[in-house]
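**Q** Sequence first, predicted coordinates after that:
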Amino acid sequence: MQAKRYLIAMVACLSLVVGCSDDDDDDDNDNPQTGAPVETLPANTTYKPAFTGQTRIGSVQTTTPIKATIITSELEKPWGVTSLPDGRLLITEKAGKLRIVTTTGEISDALLGVPSVNAEGQGGLLGLCIDPQFNTNRMVYWAFSESSEGGTHTAVAKGRLSNDEKSIENATVIYRAAPSYNGDLHYGGRVIFDGSGNLFVSTGERSDLATRPLAQATNAALGKIIRITTDGEPAAGNPDFPGDALPELYSIGHRNPQGIARHPETGDLWQSEHGPRGGDEINRVVAGTNYGWPTITYGIEYTGATIGDGIQQKDGLAQPVYYWDPVISPSGITFYDGDRVPEWEDNLFIGALSGKHIARLVINDDNKVVGEERLLADQNQRFRDITQGPDDALYAVTDEGRLYKIDRE
């Protein structure tokens, strides 16, 4: 890949101007006008939701004229995207490369100094974020799958973007999610700041029946949201789980959480999670809470078999705010906190892999989903991650190598 590549063809644009509404109150997310649910396929199970609106909520349509622009199609399996303060994008590629991409499609050489990754299966160079003080310290944090004597594990590293932007300086692994396992699935792999200078990290339970129960084990870091300092130590104020619990645990009982984001108004942590066959979840993550996997789930095994006791509710285990059956395979997520599309304020945007669209969820003040929309469904792309830029546009990457800008026309 050349040092600076320009998109060979003219940038492709498509209009996503959608239906109109008589309701001009863009700020009211409590009672949007809705139509039939966007999902029309039959569910994999006969399981019933715990409350009205937990799945297949009514559809909404963006009334603002929207344009999606393909900035480049030349990335190699991008996995994570975040904005630099000047509006350029910092993007991870699964095979282990970190690149800077401009909003006009110029792609940098791979930055030097990034530790090697194990890119087998679902592993690789995963999610990333920059330090809130990036303008002065130029620090970058990322998650990746790392090889070890016991197999592989989710790891977190940090390093400084060099002044010439050609390398990551002093890259250091600050955290490793134990135990390692000889498998190549379910690493989780997102990392973001928590608002107080610490890091949230999502880890998967590694998928196999041998490791699945570790999502419930408080002495293991698999299937968890963890909260650590920028040096990898347990953050102060983490919840106290019973027994010999790891002090870095923030929440437990997760399957494969590939998206985490903080609500722009409340600061609450939200999370997307892959279910098995059915049962993809959106959770509002509360410190010290058990989200149930694999004890409760709205999904079944890929074979069609029941998981565990086949129950969806149990005392002491939290319900998802929302779930999908059939799955959309939710990956990276972001809340919209811009002025370009006022009706999107505080809405949650989710990259859907098997669903091949970007899901927009309207969430009311009671943390209930009250509307769902599918964007870019005509693009036939597996949307891996999405972020908001300083220009208030959304930027999304796909497994097929595209970087999109989604903005008001």
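**A** In hand now; what should we look at?

**Q** Quick check: which element contains the nearest residue in space to Arg190 that is not next to it in sequence?
**A** In this structure, Arg190 finds its nearest non-sequential neighbour in Gly127, 3.8 Å apart by Cβ to Cβ, 6 or more residues apart in numbering. (Each C-beta comes from the backbone N, C-alpha and C, glycine too.) In this assignment (DSSP states H and E), Gly127 forms part of strand 125-130.

**Q** can you pull out the helices in the stretch 101-250 of the chain?
**A** Here the stretch 101-250 of the chain has its helices, by DSSP state H, counting those that start in this stretch, at 134-137.

**Q** pLDDT value on Ala396, please?
**A** Per-residue confidence (pLDDT) for Ala396: 99.

**Q** and what of the one 5 residues further on?
**A** The predicted local confidence for Gly401 comes out at a pLDDT of 98.

**Q** Tell me how many other residues crowd it.
**A** Gly401 has 15 neighbouring residues, counting by other Cβ atoms under 10 Å.

**Q** least trustworthy helix or strand in the chain by mean pLDDT?
**A** strand 12-15 (a mean of 38; mean pLDDT, DSSP states H and E).

**Q** so after that one, what's the next helix or strand?
**A** Of the helices and strands lying after strand 12-15 in sequence (DSSP H and E), the nearest is strand 35-37.

**Q** Pull the residues that contact that following strand.
**A** Contact with strand 35-37 is made by 56-61, 372, as judged by Cβ atoms under 8 Å, 6 or more residues apart in numbering.

**Q** Can you name the two of these that sit furthest apart?
**A** Using Cβ to Cβ, the two most remote members of the contacts of strand 35-37 are Arg56 and Gln61, lying 16.5 Å apart.

**Q** hang on, the earlier thing: tell me who's in contact with the residue nearest to Arg190.
**A** With Cβ under 8 Å, 6+ apart, Gly127 has these contacts: 79-80, 92, 142-143, 189-192, 202, 332, 385.

**Q** could you redo the last one with a cut-off of 7 Å?
**A** Neighbouring residues of Gly127 by Cβ atoms under 7 Å, 6 or more residues apart in numbering: 80, 142-143, 189-191.

**Q** Tell me the one among the residues you listed nearest to Pro264.
**A** Comparing the contacts of Gly127 against Pro264 with Cβ to Cβ places Arg190 closest, at 17.2 Å.

**Q** What segments of the stretch 151-300 of the chain are strands?
**A** Assigned by DSSP state E, counting those that start in this stretch, the strands in the stretch 151-300 of the chain fall at 151-161, 168-176, 191-193, 199-202, 225-228, 249-251, 256-262, 269-274, 280-285.

**Q** Let's have these in CSV, adding distance to Asp339 and mean neighbour count.
**A** CSV is the format used below for the strands of the stretch 151-300 of the chain (distance: least, Cβ to Cβ, whole Å; neighbours: other Cβ atoms under 10 Å):
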stretch, distance to Asp339, mean neighbour count
strand 151-161, 29, 23
strand 168-176, 33, 16
strand 191-193, 22, 21
strand 199-202, 26, 28
strand 225-228, 30, 24
strand 249-251, 32, 25
strand 256-262, 19, 27
strand 269-274, 22, 26
strand 280-285, 25, 24
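
**Q** Among these, which comes closest to Glu120?
**A** Taking the strands of the stretch 151-300 of the chain one by one with Cβ to Cβ, strand 151-161 is closest: 7.8 Å.

**Q** Any regions of the chain where pLDDT drops low?
**A** Within the chain, the stretches with pLDDT under 70 are 1-28.

**Q** repeat that for 80
**A** For the chain, the stretches flagged by pLDDT under 80 are 1-29.

**Q** Would you mind giving the strands of the stretch 151-300 of the chain as TSV with distance to Thr303 added?
**A** TSV is the format used below for the strands of the stretch 151-300 of the chain (distance: least, Cβ to Cβ, whole Å):
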stretch	distance to Thr303
strand 151-161	24
strand 168-176	32
strand 191-193	33
strand 199-202	26
strand 225-228	29
strand 249-251	29
strand 256-262	18
strand 269-274	17
strand 280-285	18
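
**Q** quick one: which of those strands is nearest Lys405?
**A** Here strand 256-262 is closest among these (Cβ to Cβ), at 18.9 Å.
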